[in-house]
Each structure stands twice: as structure tokens, then as C-alpha cells.
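Colleague: sequence first, predicted coordinates after that:
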Amino acid sequence: MADDALAERRTLDGRLIERLERPALAVELGLEPHPEGGWYRRTWTSPATVAVGGATRPAATLILFLLPTGEASGWHRVSSSEIWIASGVGPVALQLGGEGDEPEPGETIVVGDAGEGHAPQAVVPPGAWQRTLPADHDALVSCLVSPGFDFADFTMPDVDGRTP
């Protein structure tokens, strides 16, 4: 196996979570492992900026997010609004967990092909807990965050960002 076929998933502070093989679609799209699970790459950053808590941020950012078969993301929250947008490769089950101190499993929204009865988009309010659930297929979505995403505004309840 070529070295570029391997990747390292790390915590926000850089500790190694796991070494893993890059899925073919992650290689094709140039995606990297996300600390929460799944694979991602920022594809756009707004040239407009906004002030957020004394810092300057892009008005919005956009990523591609891949969940390979059987993979999920752990409970996490972002202090900005997040919009999940179907990108044509399998639906993804997005579970919301409220806005309390700890996530409480709640509504699940399946983001995917509207022609198959799925939501083509889903909005996660600022500060709401969210996670994705495993599926028997690959799923690809785009996620738009406004104000723009910054790991400083990203919270995960456990050390490696994933719930067992």
C-alpha cells in the first residue's frame, strides 16, 4: 500500500486517534480525516468577513464531507449555523441532540435525494449537538457554516471526538 493511501486521524490538539486507509472517494476528492469521524476538505471561504467575539471570521465556509460505509461522526457542536446539503452520493442520517450541556439523542434528518423522500438540506442551529449515524453505503454532503467555521468554536464531548 502506498504511503499516500494512509492517513492519520488526530484530535484537535494533535494526538493520534488512529491510522487508517484512505477510501477511494477521499483520495479522488482530496479529503483528510476529520477529528469527529468522516473525511473533509474546505472547498470555499467567503471573501467577506464578520466580527465574532472580537475576532474576524469569514462570513461563511463550505466543506465536502464524506462518510464511508459504516463510519459515523461523534457528537459535536459548532457555535455557528450549519447547513447540510446533499451532494449526490448516498443519503446521510444527521441526528440532532439539543442545546444542553450534554447531547440528548433527538430528531434524525436524512439528507439526500429529494426524489427518494429525503431532505435535500438540513439546518443545524448554532450550539446544537449533532452527529451522523453509520449506514451501509457511502454518503457525501456539503456543509456550509456561517459565520465561517473555526475549530476554536468546535466542541466534542470525548477525547477523540467520537462516541463509542
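Modeller: Noted; the coordinates are in hand.

Colleague: gap between the spatially most central residue of the chain and S80?
Modeller: Geometric centre of the chain, nearest residue: F65, 5.8 Å, by CA atoms, centre = their mean. Counting by CB to CB, to the nearest Å, the separation of F65 from S80 is 15 Å. In short, each C-beta sits where N, CA and C put it, glycine included.

Colleague: could you do E8 as well?
Modeller: In terms of CB to CB, E8 sits 27 Å off from S80.

Colleague: the two - which one has more neighbours?
Modeller: S80 (22 against 12; other CB atoms under 10 Å).

Colleague: I'd say the more buried one and P126 touch.
Modeller: Yes: counting by CB atoms under 8 Å, S80 touches P126, with 5.6 Å between them.

Colleague: tell me where the model's unsure across the chain.
Modeller: 1-4, 158-164 (pLDDT under 70).

Colleague: at 80 instead, please
Modeller: Under the criterion pLDDT under 80, the flagged ranges of the chain are 1-5, 8-14, 17-18, 157-164.

Colleague: circling back to that earlier point, would you confirm that the residue nearest to the centre of the chain belongs to a strand?
Modeller: Yes: assessed with DSSP: H, G, I helix; E, B strand; the rest coil, F65 lies in a strand.

Colleague: check contacts around it.
Modeller: H34, G38, W39, Y40, L140, V141, S142, C143 (CB atoms under 8 Å, 6 or more residues apart in numbering).

Colleague: now, which of those sits nearest E99?
Modeller: C143 (18.7 Å; CB to CB).

Colleague: element containing the closest one?
Modeller: strand 139-146 (DSSP states H and E).

Colleague: same for whichever helix or strand comes after that strand, what does it pack against?
Modeller: Per DSSP H and E, strand 139-146 leads on to strand 154-155 as the next helix or strand towards the C-terminus. Strand 154-155 is packed against strand 73-78, with contacts defined by 3 or more CB pairs under 8 Å, 6 or more residues apart in numbering; DSSP states H and E.

Colleague: where do the helices sit along this structure?
Modeller: 24-29 (DSSP state H).
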